[in-house]
Structures are given as C-alpha cells and as structure tokens.
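Enquirer: Compute the structure for the input listed below.
(one chain, ligands or ions: 1)
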Amino acid sequence: MSGRIESEAGPTGRHAAGLFAAAAMHRDSNGNALHAPVLVLNASYEPINVCAARRALVLVLKGVAMTEEENGHFLHAARIAMRVPSVIRLLEYRRIPHQSRALSRKNILLRDRNTCQYCATVLCSGELTLDHVIPRSRGGSSTWENLVACCHPCNRRKGNQFPLEVGMKLMREPRAFNLHTSRHIMRLMGRSDDKWRKYLFY
Ligand SMILES: [Zn+2]
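Expert: Prediction:
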C-alpha cells in the first residue's frame with residue numbers, strides 16, 4: 001500500500017446517484033465509509049468498474065487488487081487499521097467481455113442520460129416514458145435498439161407512427177448498453193474527484 005496520506009475526501013459523483021447499485025452514494029463519514037464508491041482499474045490501468053469500498057477492501061485483502069489511491073479514511077477492525085481505497089487496480093489483467101446489461105426502464109433512461117431522444121429535453125426519471133421507435137402495434141419489439149427515453153409530449157405526438165411519418169428524428173441511433181456507456185457513467189461519477197480524474201480523462 002502506498003504511504004500517501006490524504007485529507008478528507010469529498011463524496012464523489014454526486015450527479016450519478018443510483019447509477020451503480022454497488023456504489024451507493026453515502027457521505028463517507030465513518031459508518032458509511034465502506035459504502036463509498038471505489039474506481040476499479042484493470043491491470044492495464046483501464047477503468048472497468050465501480051464498486052463499494054467494502055468490496056474493494058476484500059479484493060485488496062485477497063491479493064486480487066492493490067490500492068492505487070486512498071480516500072482518506074481508515075477501516076478499524078480487530079487489531080488492524082486499513083486505509084480505505086478510492087481507486088484500486090487488479091493485479092492480473094482481465095478480459096472484459098462485451099457485457100450486456102439487463103434491458104430495463106432504468107437502464108434505458110441511464111443509457112439515454114434521462115434525455116428525450118426526440119427533443120433533447122433532460123427530465124427526471126418520473127417525467128420520462130419509454131418510446132418504441134417502431135411502434136409495437138406495427139411489429140416493433142422491446143429491445144435496446146427499439147426503445148428510447150421520451151418525454152410525454154413527444155410520445156403523444158408520435159403516437160403509433162414511425163418517427164419520419166410525423167417529422168420526428170432520433171438524436172442518435174439507440175444501442176445496447178456497453179462498456180463505452182459504462183465508461184461515460186464512470187466519468188460522470190468521477191468528475192468531481194481528483195483521484196479518479198487522472199484515470200478517467202485521458
Ligand atoms: Zn421530447
């Protein structure tokens with residue numbers, strides 16, 4: 001473990017609350033320090049995930065990962081005190097499969113960054129609906145490629161028609177959730193954290 005001593009670290013990625021279930025956005029004061037989000041790097045320093053500090057400490061203790069950055073807190077357990085990591089790195093390179101995330105309303109909104117894909121309005125989740133680009137009544141399926149975040153006015157305007165039929169256009173082609181999307185989310189989470197920044201912005 002490195003000998004750096006860091007001062008109090010602020011909460012990270014407050015804009016991204018709820019994006020990663022593992023990284024519940026607790027203020028990292030003592031009791032909640034184990035829930036603080038930790039950036040996980042591959043052996044190659046490529047950011048691959050975010051996990052809770054508790055999980056990160058387990059990976060470090062098992063010798064699977066090493067601490068690259070600390071978050072300024074200590075975990076006191078029995079007779080040892082461990083520095084809580086802010087960034088860890090896997091010691092062995094792992095091939096990351098082109099993981100697909102579960103198709104869900106939450107993940108579609110996440111992919112589309114809570115932005116109506118027709119008019120570009122950013123809304124809270126409750127004010128958005130999902131639109132079938134090719135309407136279900138016309139054979140459209142419920143897939144990553146055919147579902148987009150949509151505001152209610154656009155959804156009403158589009159009705160059971162193809163976008164072009166009503167002069168509407170998608171901001172971008174809907175795609176499955178992939179590592180690229182995950183990296184974008186990690187960047188949102190790490191934007192306010194200096195210790196994450198250098199691994200996420202390059
Ligand atoms: Zn709209």
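
Enquirer: Where does pLDDT dip in the protein?
Expert: In the predicted model of the chain, residues 1-31, 97-101, 178-181, 202 satisfy pLDDT under 70.

Enquirer: Any residues of it in contact with the ion? List them.
Expert: Counting by CB under 5 Å from the ion, the residues of the chain close to the ion are 116, 118-119, 151, 154. (Each C-beta comes from the backbone N, C-alpha and C, glycine too.)

Enquirer: 8 Å instead?
Expert: Residues of the chain found near the ion (CB under 8 Å from the ion) are 116-121, 150-151, 153-155.

Enquirer: Please, a ChimeraX command that selects the buried ones among these?
Expert: Restricted to buried positions by 16 or more other CB atoms under 10 Å, the ChimeraX selection for the residues of the chain next to the ion reads:
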select :116,117,118,121,150,151,154,155
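
Enquirer: list the buried ones in the helix or strand that contains residue 55?
Expert: Assigning secondary structure by DSSP states H and E places residue 55 in helix 53-61. Buried residues in helix 53-61, defined by neighbour count with 16+ other CB under 10 Å: 53, 55-57, 59-60.

Enquirer: could you dump that helix to CSV, C-alpha only?
Expert: Only the C-alpha atoms of helix 53-61 are listed here, as CSV (Å, rounded to 0.1, in the frame of the first residue of the first chain):
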residue,chain,number,x,y,z
ALA,A,53,-15.3,0.3,-0.6
ARG,A,54,-16.2,-2.9,1.3
ARG,A,55,-15.8,-5.0,-1.8
ALA,A,56,-12.6,-3.1,-2.8
LEU,A,57,-11.0,-3.9,0.6
VAL,A,58,-11.9,-7.6,0.2
LEU,A,59,-10.2,-7.6,-3.2
VAL,A,60,-7.1,-6.0,-1.8
LEU,A,61,-7.0,-8.3,1.2
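
Enquirer: Next, the distance between the ends of stretch 58-73.
Expert: End-to-end distance of stretch 58-73 (CA to CA, to the nearest Å): 16 Å.
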